[in-house]
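S.K.: need coordinates for the following:
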Amino acid sequence: MARPERFELPTPWFEAKYSIQLSYGRIFFAVIIEGLSLVLVKTFGRNSFDIIAVYSKYLKSHQLEQINQPKHNKFYACIEGDNMYKNLALAFIFTLSLVFMKNLIALVVITYFCSSYSFAETYKNTNDQQNGKTFGQLMTWVFDGEKSPERVEIETSNQWQELAPDQTNYAVWIGHATYLINNGDINILTDPIFSKRASPIGFAGPKRMIPPVMNLSDLPKIDAVVVSHNHYDHFDIWSLKKLSKLNPETIFMVPAGDQKRLIKAGVKNVFEINWWESFKVSNTTFHFTPVQHWSKRGLFDRNKSLWGGWFMQTDNLALYHAGDTGYSSDFKTTYERLGAPDYSFIPIGAYDPRWFMKDSHVNPEEAVQIALDLKTSHSFGMHWGTFTLTDEPVLEPPVRLERALIDQNLEPDFFRSPKPGEILQLTK
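M.R.: Numbers count the residues shown, from 1 in each chain. Just a heads-up that it's a prediction; the model follows:
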């Protein structure tokens with residue numbers, strides 16, 4: 001059998017150049033090891049568990065290196081040594097043992113977090129922007145050496161308890177992208193997540209820093225629920241099922257491609273909507289509008305369902321919920337087609353590192369530009385302070401929002417970052 005070729009590492013992590021002997025068997029084992037390490041890191045939290053630190057130390061001690069060779073694209077391999085296969089086998093067994101320590105079901109998490117593979121995509125952004133990152137880019141972020149932001153409980157309010165049963169025209173930020181809204185016609189709930197974790201499993205995944213300020217039992221009768229996209233921090237099936245049981249007459253509006261998921265879960269009155277389609281509940285018309293994002297819940301369903309924002313309109317009031325989005329021209333188009341909303345709910349968090357998040361998540365400065373593009377009268381922030389999903393400090397988004405308003409010579413009430421639980425008046 002021909003001797004395997006030798007390759008030289010272009011830029012080793014340990015500031016030295018090594019010669020490695022490469023074979024398909026070694027590539028196979030190395031890729032498995034790195035894939036399972038990604039499961040562990042993304043399941044239990046980057047820099048959050050001692051087992052990850054131990055595992056990382058183990059990998060470094062066995063000199064796992066990244067190489068870039070045209071024939072095999074980007075992959076990981078071990079430096080040549082007498083005990084090569086023994087070391088790979090030990091690393092593989094060690095990885096599996098760590099997984100079993102937290103239950104083998106944790107492997108399911110990779111189906112959401114690992115977005116390195118490119119499968120047939122059904123939906124695209126309006127500018128054809130592909131928001132996916134390669135496996136190498138994802139690994140670069142995961143193992144960049146940056147510590148996860150310190151978990152901080154943001155200040156909340158109990159003001160919602162002062163709501164009268166017949167009170168109208170208000171909003172309450174419950175947390176993340178979940179808003180309770182009364183628009184003078186019906187009660188609306190956006191992207192409801194009341195679970196402890198934004199994850200397909202209950203014991204692992206991003207955990208809340210603050211509980212929902214209102215429990216499901218505290219909510220008024222919900223007439224309509226809107227969901228922006230199917231990521232676990234916005235499309236929480238447990239919460240949606242509970243809401244359906246609390247009020248079987250609730251209407252659920254989801255992006256195209258997600259209806260079957262809720263019907264399978266036993267949720268009734270589910271309607272899926274395409275961009276620029278409308279659906280009317282009572283005297284409120286819901287328009288589903290484009291934003292720049294993506295969808296994925298499993299390994300093989302990337303962009304198989306749509307994503308978007310919700311423009312909610314009556315004769316007296318127009319509201320807009322942006323869901324989850326990067327900055328794009330979609331908001332100018334929304335204004336041109338539907339007019340200016342009176343109030344908008346726009347994300348301001350989950351934006352660092354920018355090289356990785358920019359296409360999918362706006363920062364506070366871009367959030368202000370969205371409000372300007374929409375020509376909205378007032379905006380409220382969301383999508384920060386509930387889960388630690390990215391690298392920016394937990395308390396940074398509202399600080400940067402305030403600075404952005406000053407830089408643009410805008411009044412403080414043009415774009416506010418309310419406390420969860422605060423009553424926000426929606427009057428013209």
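S.K.: SS state for the residue lying closest to residue 271 once chain neighbours are set aside?
M.R.: In this structure, residue 271 finds its nearest non-sequential neighbour in residue 253, 5.4 Å apart by Cβ to Cβ, 6 or more residues apart in numbering. Where C-beta positions appear, they are placed from N, C-alpha and C, glycine not excepted. Assigned with DSSP: H, G, I helix; E, B strand; the rest coil, residue 253 falls in the strand class.
S.K.: I'd say residue 253 and residue 267 touch.
M.R.: No: using Cβ atoms under 8 Å, residue 253 makes no contact with residue 267, being 11.7 Å away.
S.K.: before we move on, the earlier item: ok, what's across the strand from the residue nearest to residue 271?
M.R.: Bridge pairing for residue 253 (DSSP bridges) gives the partners residue 226, residue 271.
S.K.: what is the neighbour count of it?
M.R.: 22 (other Cβ atoms under 10 Å).
S.K.: from residue 284, how far out is it?
M.R.: 11 Å (Cβ to Cβ, to the nearest Å).
S.K.: equivalent analysis for residue 298, please.
M.R.: On the measure of Cβ to Cβ, residue 298 and residue 284 end up 33 Å apart.
S.K.: what's the answer for residue 362, then?
M.R.: For residue 362 relative to residue 284 (Cβ to Cβ), the value is 26 Å.
S.K.: just residue 326 next, same as before
M.R.: The gap separating residue 326 from residue 284 is 28 Å, by Cβ to Cβ.
S.K.: what stretches of this structure score poorly on pLDDT?
M.R.: 1-121, 130-135, 144-145 (pLDDT under 70).
S.K.: let me see the ranges of the helices in it.
M.R.: 24-44, 50-61, 84-101, 110-113, 135-142, 237-246, 259-264, 330-338, 354-357, 364-374, 396-407 (DSSP state H).
S.K.: phi, psi for the residue lying closest to residue 392 once chain neighbours are set aside please.
M.R.: Residue nearest to residue 392 in three dimensions, not counting chain neighbours: residue 352, with 4.0 Å by Cβ to Cβ, 6+ apart. Backbone torsions of residue 352, given as degrees, to the nearest 10, read phi -110, psi 150.
S.K.: so residue 352 sits against residue 388, correct?
M.R.: No: with contacts counted by Cβ under 8 Å, residue 352 stays clear of residue 388, the gap being 11.3 Å.
S.K.: identify the contacts common to those two.
M.R.: Common contact partners of residue 352 and residue 388 (Cβ atoms under 8 Å, 6 or more residues apart in numbering): none.
S.K.: with neighbour numbers in mind, choose between the two.
M.R.: A direct count of neighbours by other Cβ under 10 Å for residue 352 and residue 388 places residue 388 higher, at 24 against 18.
S.K.: who has more neighbours, residue 298 and residue 284?
M.R.: residue 284 (20 against 13).
S.K.: who's in contact with that one?
M.R.: Residues in contact with residue 284, defined by Cβ under 8 Å, 6+ apart, are 183, 185-186, 188, 224, 312-314.
S.K.: and with 6 Å instead?
M.R.: The contact partners of residue 284, taken as Cβ atoms under 6 Å, 6 or more residues apart in numbering, are 185-186, 312, 314.
S.K.: among these, name the buried ones.
M.R.: Neighbour-count burial (16 or more other Cβ atoms under 10 Å) applied to the contacts of residue 284 gives 185-186, 312.
S.K.: residue contacts, residue 171?
M.R.: Contacts for residue 171 (Cβ under 6 Å, 6+ apart) come out as 179, 181, 424, 426.
S.K.: so where do the strands sit in the stretch 301-428 of the chain?
M.R.: In the stretch 301-428 of the chain, the strands defined using DSSP state E, counting those that start in this stretch lie at 309-313, 318-321, 343-347, 378-382, 415-416, 423-425.
S.K.: meant to ask about the stretch 101-250 of the chain
M.R.: Taking DSSP E, counting those that start in this stretch, the strands of the stretch 101-250 of the chain run over residues 170-175, 178-182, 187-190, 224-226.
S.K.: let's have those strands in CSV, adding distance to residue 411.
M.R.: Compiled in CSV, the strands of the stretch 101-250 of the chain are given as follows (distance: least, Cβ to Cβ, whole Å):
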stretch, distance to residue 411
strand 170-175, 19
strand 178-182, 22
strand 187-190, 25
strand 224-226, 29
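S.K.: which segments of this structure make up each domain?
M.R.: Here the domain parsing of the chain from automatic domain parsing is 6-102, 162-425.
S.K.: pick the most deeply packed of those.
M.R.: Per residue and on average, the most neighbours among the domains of the chain fall to domain 162-425, with a mean of 20 (mean count of other Cβ atoms under 10 Å).
S.K.: from residue 387, how far out is the residue lying closest to residue 258 once chain neighbours are set aside?
M.R.: Distances taken as Cβ to Cβ, 6+ apart place residue 305 nearest to residue 258, at 4.7 Å, with adjacent residues excluded. Residue 305 sits at a distance of 21 Å from residue 387 (criterion: Cβ to Cβ).
S.K.: one more: residue 233?
M.R.: Residue 233 is 6 Å from residue 387, where distance means Cβ to Cβ.
S.K.: overlap in contacts, these two.
M.R.: What both residue 233 and residue 387 touch, as defined by Cβ under 6 Å, 6+ apart, is the set residue 198.
S.K.: could you check how far residue 251 is from residue 280?
M.R.: Look at residue 251 and residue 280: by Cβ to Cβ, they are 10 Å apart.
S.K.: these two touch, right, the residue nearest to residue 392 and residue 394?
M.R.: No: applying Cβ atoms under 6 Å, one finds residue 352 not in contact with residue 394, separated by 11.5 Å.
S.K.: show me what contacts residue 394?
M.R.: Counting by Cβ under 6 Å, 6+ apart, residue 394 makes contact with 149, 152.
S.K.: go ahead and confirm residue 288 touches residue 308.
M.R.: Yes: under the criterion of Cβ under 6 Å, residue 288 makes contact with residue 308 at 5.0 Å.
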